[in-house]
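have a look; sequence and predicted model below, questions after that.
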Amino acid sequence: MNKNRALLTVIATVSVLALTGLTVVAQQQDDEPPEMGFFVTSVGIGNGANLGGLAGADAHCQALAGAAGAGNRTWRAYLSTQGAGAVNARDRIGDGPWANANGLIMASNVSNLHHDNSNFNWEHSLDENGEQFPSRIDGDPDFTEHDVLTGTQIVGTAYEGSEDRTCGNWTSNDEGSAMLGHADRYSFTTPGSPWNTAHPSRSCSQPDLVATGGAGRFYCFATD
């Protein structure tokens with residue numbers, strides 16, 4: 001009887017230790033930061049606002065994410081198109097939540113993202129490598145790259161009408177104009193500027209995107 005009792009005690013102890021170990025592992029997993037699901041591109045494509053259409057922009061997002069170790073996810077550019085078959089940027093980025101490279105949740109869902117409940121600002125709107133972009137609010141007062149291509153209204157939808165706001169649906173590096181957002185949420189030194197709808201570009205050329213205050217960057221979101 002004593003041997004049986006001792007055996008039962010050992011089994012009970014091992015079971016408790018096993019369960020405790022599982023609890024510790026679960027807690028460690030819960031403490032891990034969420035996987036990156038958002039970034040501002042560290043570089044544009046370099047051909048003005050000619051991104052090769054949505055497909056080219058998506059491929060750029062996927063390539064940058066892959067180089068940063070996040071290529072296991074499906075990435076899409078936050079861009080709208082106009083005209084027949086117009087596409088809303090908000091409809092192509094998944095459901096969220098989306099974390100930046102540091103694990104901070106930028107927005108929990110599409111509604112949160114578009115109703116000023118997001119964490120978009122210079123500190124948190126990081127590129128795929130976790131780096132901040134040049135901004136007047138923390139650098140040269142005469143230089144910034146806070147302009148981000150979106151072609152999108154403030155609620156995340158495409159523009160209607162004939163006025164070009166997407167540089168020919170992201171195929172022009174010359175004529176036309178693109179709606180730009182301010183990734184740092186600043187207009188010069190004034191806070192509160194929209195992250196996705198701040199002002200149109202001068203044209204679609206790379207020099208004019210730079211002169212406006214950008215570099216042809218855009219936002220990328222993981223859809224899964």
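Great, that's in hand. Residues are numbered from 1 along each chain as shown.

can we go C-alpha only for contacts and neighbour counts from here?
OK.

give me the most central residue, this structure.
Phe38 (3.0 Å; C-alpha atoms, centre = their mean).

hmm, that one is touching Phe221, no?
Yes: the pair Phe38 / Phe221 is scored as a contact, 4.6 Å apart, by C-alpha atoms under 8 Å.

so what sits against both of these two?
Trp98 (C-alpha atoms under 8 Å, 6 or more residues apart in numbering).

show me how far the longest strand belonging to the chain is from its chain's centre.
In the chain, ranked by residue count with DSSP state E as the criterion, the top strand is strand 214-222. Strand 214-222 sits 7 Å away from the centroid of its parent chain (C-alpha atoms, centre = their mean, to the nearest Å).

my guess is Asn112 contacts Ser118, does it?
Yes: using C-alpha under 8 Å, Asn112 is in contact with Ser118, at 6.3 Å.

in this structure, which spans are helices?
2-31, 53-67, 110-114, 167-170, 206-212 (DSSP state H).

select from these the stretch with the lowest mean pLDDT.
Ranked by mean pLDDT, the helices of the chain bottom out at helix 2-31, with a mean of 43.

domain parsing of this structure, as residue ranges.
Domain assignment for the chain, taken from automatic domain parsing, gives 1-32, 38-222.

hey, which of these is tucked in deepest?
Comparing the domains of the chain by mean neighbour count (mean count of other C-alpha atoms under 10 Å), domain 38-222 ranks first with a mean of 21.

what's the span of that domain, first residue to last?
6 Å (C-alpha to C-alpha, to the nearest Å).

that domain: how far from the chain's middle?
Taking mean C-alpha positions (C-alpha atoms, centre = their mean), domain 38-222 and its chain are 8 Å apart.

neighbouring contacts of stretch 149-163?
Contacts of stretch 149-163 (C-alpha under 8 Å, 6+ apart): 49, 78-83, 86-90, 114-115, 165-166, 178-181, 194, 196-197, 216-219.

is Pro200 in a bridge, and if so with what?
Met179 (DSSP bridges).

rank the domains of the chain by pLDDT, which is bottom?
Mean pLDDT is lowest for domain 1-32 out of these, coming in at a mean of 45.

span of stretch 91-108 from start to end?
Stretch 91-108 end-to-end distance (C-alpha to C-alpha) = 15 Å.

what does stretch 77-85 give?
17 Å.

again, but for stretch 180-190
Rule used - C-alpha to C-alpha; the end-to-end distance of stretch 180-190 is 17 Å.

and the gap between Asn72 and Trp122?
27 Å.

do the same with Phe188
On the measure of C-alpha to C-alpha, Phe188 and Trp122 end up 13 Å apart.

now swap in Gly161 and tell me
Gly161 is 32 Å from Trp122, by C-alpha to C-alpha.

and if you look at Ala222?
20 Å.

could you do Ala77 as well?
From Ala77 to Trp122 the distance is 19 Å (C-alpha to C-alpha).

what does Gly71 give?
Taken as C-alpha to C-alpha, the span from Gly71 to Trp122 is 25 Å.
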